[in-house]
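> only geometry, no sequence info:
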């Protein structure tokens with residue numbers, strides 16, 4: 001089993017910053033692509049940012065147009081952790097943020113997408 005645990009969410013004023021973390025643990029051989037999604041009340045879950053591993057899932061970094069220039073995704077493979085640095089936050093960034101990781105499982109060798117439980121980000125105006 002693989003567990004993803006997000007942290008770093010909270011309440012911040014517009015214009016402020018937050019750094020989200022997502023730590024992966026469990027039967028992990030390696031992690032390919034990772035991504036951050038968000039879901040606001042009444043809305044569908046949307047992709048915020050994603051990053052490849054430079055190998056199985058390719059070498060790329062993508063951002064939703066709404067966050068380009070404000071958010072930055074990064075990863076520390078030694079720690080099995082992915083980050084989302086969020087700057088110049090806006091009220092419309094308010095949502096539950098989820099991380100997702102394409103994990104090569106230790107025993108099966110299969111690549112499976114895993115999800116965290118989410119962390120709330122609230123931006124006040």
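It's in. From a predicted model like this one, the values you see are computed outputs, not experimental measurements. Numbering: from 1, shown residues only.

> use CA for all of it now, contacts and neighbours both
Noted.

> Who does residue 28 form a beta bridge with?
Residue 28 has the following beta-bridge partners by DSSP bridges: residue 105.

> List the contacts of it.
Residue 28 makes contact with 2, 103, 104, 105, 106, according to C-alpha atoms under 8 Å, 6 or more residues apart in numbering.

> tally of neighbours for the second one?
When neighbours are counted by other C-alpha atoms under 10 Å, residue 103 registers 22.

> just residue 53 next, same as before
For residue 53, the count of nearby residues is 18 (other C-alpha under 10 Å).

> Where does the residue nearest to it when sequence neighbours are not counted sit: helix, strand or coil?
Nearest non-adjacent residue to residue 53, counting by C-alpha to C-alpha, 6 or more residues apart in numbering: residue 32, 5.0 Å away. At residue 32 the chain is in strand, as set by DSSP: H, G, I helix; E, B strand; the rest coil.

> Tell me how far the residue lying closest to residue 37 once chain neighbours are set aside lies from residue 28.
Once flanking residues are discounted, residue 37 sits nearest to residue 47: 4.4 Å by C-alpha to C-alpha, 6+ apart. Residue 47 sits 23 Å away from residue 28, going by C-alpha to C-alpha, to the nearest Å.

> how about the strands of this structure, start to end?
Ranges of strands in the chain, per DSSP state E, are 2-7, 10-13, 18-26, 28-39, 46-51, 61-63, 71-76, 81-86, 95-105, 111-115, 119-124.

> where's the longest one relative to the chain centroid, distance-wise?
The one in question is strand 28-39. Remark: strand 28-39 is offset 7 Å from the chain centroid, using C-alpha atoms, centre = their mean, to the nearest Å.

> now that strand and strand 71-76, what's the angle there?
Per axes from the mean of the first three to the mean of the last three C-alpha atoms, to 10 degrees, the angle that strand 28-39 makes with strand 71-76 is 170 degrees.

> Identify each buried residue in strand 28-39, please.
Within strand 28-39, the residues that count as buried by 16 or more other C-alpha atoms under 10 Å are 28, 31, 32, 33, 34, 35, 36, 37, 38, 39.
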